[in-house]
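**Q** Turn this into a model:
(2 chains)
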Amino acid sequence: MIYKILLAVWMTFIIVASFMFTEAASGFPGETSRILFFHVPQAWVATLCFLLSMIGSALYLAKRRLGSDDLAHSAAELGFLFCILATVTGSIFAKATWGSYWNWDPRETSIVILLMIYGAYFALRSAVPDPEKKRVFAAVYSILAFVTVPFLVFVVPRITTSLHPEDTMNPAKPGMDPRTLKVFLGSLFAYTTLFVWMLRLRMRLLYLEHLKDPIARMRRDGGIE
Amino acid sequence: MKNGRWITQTESSTCLSEALAIWVRDLRSEFRTRYAVNAILMFAVTTLIAVSFSIGSFRIAETEKPFLNGVLLWVILVFSALSGLSRSFVKEEEAGTMDVLKLSARPQAVFLGKLFFNLTLLGALELIIVPAFIIMMGYEIELPGCFTAMVVSAGLGLGAGTTIVAAMIAQASARGALFSALSFPLLLPLMIVAIKGCERAAVGTDAAGWPEVRIAVAYIVIMIIMSLFLFPLIWEE
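**A** Below you'll find the predicted structure:
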């Protein structure tokens, strides 16, 4: 409970600081560069979710524990949510700086494919009636989708040049304003914590749903192999 | 079927011989019904005619041709493939032969046999559609060797990426729509590469080592290896 309050205070602090404490980066119209504090952590969490979903899937295939499938499933659901958030914020930024909401920039392409993968994952989960099969299939699909991601990362940027701001706003590169960097890292921490909290909440809910199902419950406790 | 008898898993049968037996059996049953090949080819021919009729070979500006024709070609090929490739497993489910197949061969052999069958279908599809497309759309290609390599490797990639998905959706409900929905995100990187490779071949800029073909080959290798690992899990469920 105390963590929730601390997180709320920290989030508020970050939101205020991102507008009051930092200067808008030069080279971007108006205040648009402040998207950095919201869009990038969202995209980071979406990527983290994709990775966690794959790890959960691999663990499920190896050990067949329901908890691993719950992790994969909840991470995919939250990943879908954060993907949409990152897409919408990015699209607004694109309109403000590049002049159009959507122009198939490589980043936009890869996030659309990520959204499609999540969509297909949920479609597969809902289309397989047998619960055991459903989990295995979803896990297999999640791993297959993860394997194609390197192609997107290396291949799609070759096709067209990206307008996505990298140099001026990438915290790994020198030249970022120290105040901006502080707030950015704080925001990254806040979003990751928010994600962990949401993930645990979702996993607990799925666990409670399993409790209603006696077979799943026995399997979870190691009664059935 | 081998010499008129059911093949069974014996000491002497290897994974490859089982795969070939499944491939031959599928080809035979396909020759009898011609279901998958009709579905895919009719879909492809219809789309090609629709595209060619509405666009033709003069609507697209000469400078845009290499790229736009590549896009149209791959849209036709990918969606035709998606319309029929799931047949290889769906027909087992519908005929109730899934269990016998599970008993008759190793899972990897089943996967390879179905993969060979899908690749045969894709080969037939490309053999008919690609020349027809080139003629009907006036697609001029500067580097035929590079173009052929791109079409063949991307065709192999289509088979490698969709066969395991077909095995999954055969056991799900709402098969037809689900197959496209699941396969498309996996195929999109390959499709982008194939379009780029065909554009390069048509323009004639010969980059050393045909980078797009190499990416497609890497995609094939990774997809087949991952499928061989993952297929037994979904097959034995």
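**Q** anything in the helix or strand encompassing A:Ile92 near chain B?
**A** Assigned by DSSP states H and E, A:Ile92 belongs to helix A:66-97. No: for helix A:66-97, no contact with chain B is found by Cβ under 8 Å from any Cβ of the partner chain; the gap never falls below 12.7 Å. C-betas here are computed from N, CA, C, even on glycine.
**Q** helices and strands around that helix, which ones?
**A** Counting contacts by 3 or more Cβ pairs under 8 Å, 6 or more residues apart in numbering or on different chains; DSSP states H and E, helix A:66-97 packs against helix A:36-63, helix A:106-127, helix A:131-159, helix A:178-212, helix A:214-220.
**Q** Rebuild those as TSV, extending it with mean neighbour count, distance to A:Lys95 and mean pLDDT.
**A** Below are the helices and strands packed on helix A:66-97 laid out as TSV (neighbours: other Cβ atoms under 10 Å in any protein chain shown; distance: least, Cβ to Cβ, whole Å; pLDDT from 0 to 100):
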stretch	mean neighbour count	distance to A:Lys95	mean pLDDT
helix A:36-63	21	13	91
helix A:106-127	20	12	87
helix A:131-159	20	22	82
helix A:178-212	16	22	89
helix A:214-220	14	47	66
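**Q** can you list those in JSON lines and add distance to chain B?
**A** Below are the helices and strands packed on helix A:66-97 laid out as JSON lines (distance: least, Cβ to the nearest Cβ, whole Å):
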{"stretch": "helix A:36-63", "distance to chain B": "6"}
{"stretch": "helix A:106-127", "distance to chain B": "4"}
{"stretch": "helix A:131-159", "distance to chain B": "4"}
{"stretch": "helix A:178-212", "distance to chain B": "19"}
{"stretch": "helix A:214-220", "distance to chain B": "15"}
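**Q** show me what contacts the nearest residue to A:Ala17 once chain neighbours are set aside?
**A** Using Cβ to Cβ, 6 or more residues apart in numbering or on different chains and skipping residues adjacent in sequence, the residue nearest A:Ala17 is A:Val183, 4.9 Å away. With contact taken as Cβ atoms under 8 Å, 6 or more residues apart in numbering or on different chains, A:Val183 is in contact with A:Ile14, A:Ala17, A:Ser18, A:Phe21, A:Thr22, A:Phe37.
**Q** repeat that for 10 Å
**A** A:13-22, A:34, A:36-37, A:177 (Cβ atoms under 10 Å, 6 or more residues apart in numbering or on different chains).
**Q** Could you tell me which of those are located in helices?
**A** When the contacts of A:Val183 are checked against helices (DSSP state H), the matches are A:Phe13, A:Ile14, A:Ile15, A:Val16, A:Ala17, A:Ser18, A:Phe19, A:Met20, A:Leu36, A:Phe37.
**Q** If we ignore the residues flanking it in sequence, what's nearest the last one?
**A** The reference is to A:Phe37. Spatial nearest neighbour of A:Phe37, chain neighbours left out: A:Ser18 (3.9 Å); criterion: Cβ to Cβ, 6+ apart.
**Q** do the first one as well
**A** Of all residues beyond its chain neighbours, the one nearest A:Phe13 is A:Gly186 (7.7 Å), with distances taken as Cβ to Cβ, 6+ apart.
**Q** That neighbour touches A:Ala17, doesn't it?
**A** Yes: shown here, A:Gly186 and A:Ala17 form a contact pair, counting by Cβ atoms under 10 Å, at 7.1 Å.
**Q** Which neighbours do these two have in common?
**A** A:Phe37.
**Q** In chain B, which residue sits closest to chain A?
**A** Nearest residue of chain B to chain A, counting by Cβ to the nearest Cβ: B:Pro189, 3.8 Å away.
**Q** burial count for that residue?
**A** 26 (other Cβ atoms under 10 Å in any protein chain shown).
**Q** Would you mind naming the helix or strand containing it?
**A** Per DSSP H and E: helix B:175-203 holds B:Pro189.
**Q** buried residues in that helix?
**A** B:175, B:178-203 (16 or more other Cβ atoms under 10 Å in any protein chain shown).
**Q** ok, now which ones touch residue 114?
**A** Looking at chain A here, since you left the chain open. Contact partners of A:Leu114, counting by Cβ under 10 Å, 6+ apart, are A:43, A:46-47, A:49-50, A:79-80, A:83, A:86-87, A:145, A:149, A:152, B:185.
**Q** I was thinking of chain B, sorry if that wasn't clear
**A** B:19, B:22-23, B:26, B:85, B:88-89, B:92, B:101, B:159, B:163-164, B:166-167, B:231.
**Q** Could you check how far it is from B:Ser86?
**A** Note on B:Lys114: its distance to B:Ser86, by Cβ to Cβ, to the nearest Å, is 11 Å.
**Q** which residues are in contact with both of those two?
**A** Common neighbours of B:Lys114 and B:Ser86, counting by Cβ under 10 Å, 6+ apart, are B:Thr163, B:Ala166, B:Ala167.
**Q** The closest residue to the last one other than its chain neighbours: neighbouring residues, count only.
**A** Just to be clear, that refers to B:Ala167. Among residues not flanking B:Ala167 along the chain, B:Phe89 sits closest, at 4.9 Å (Cβ to Cβ, 6+ apart). By the criterion of other Cβ under 10 Å, B:Phe89 has 26 neighbours.
**Q** any chance of the shared contacts of B:Lys114 and B:Ser86 in JSON lines, with distance to A:Phe122 and neighbour count too?
**A** Shown next, in JSON lines, are the shared contacts of B:Lys114 and B:Ser86 (distance: Cβ to Cβ, whole Å; neighbours: other Cβ atoms under 10 Å in any protein chain shown):
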{"residue": "B:Thr163", "distance to A:Phe122": "22", "neighbour count": "27"}
{"residue": "B:Ala166", "distance to A:Phe122": "20", "neighbour count": "22"}
{"residue": "B:Ala167", "distance to A:Phe122": "20", "neighbour count": "27"}
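**Q** so of those, which ones are in helices?
**A** Secondary structure from DSSP H places B:Thr163, B:Ala166, B:Ala167 of the shared contacts of B:Lys114 and B:Ser86 in helices.
**Q** tell me the contacts of the second one?
**A** Shown in contact with B:Ala166 (Cβ under 10 Å, 6+ apart): B:85-90, B:114-115, B:118, B:159, B:175, B:179, B:182-183.
**Q** Try it again at 7 Å.
**A** Counting by Cβ atoms under 7 Å, 6 or more residues apart in numbering or on different chains, B:Ala166 touches B:Leu85, B:Ser86, B:Ser88, B:Phe89, B:Phe179.
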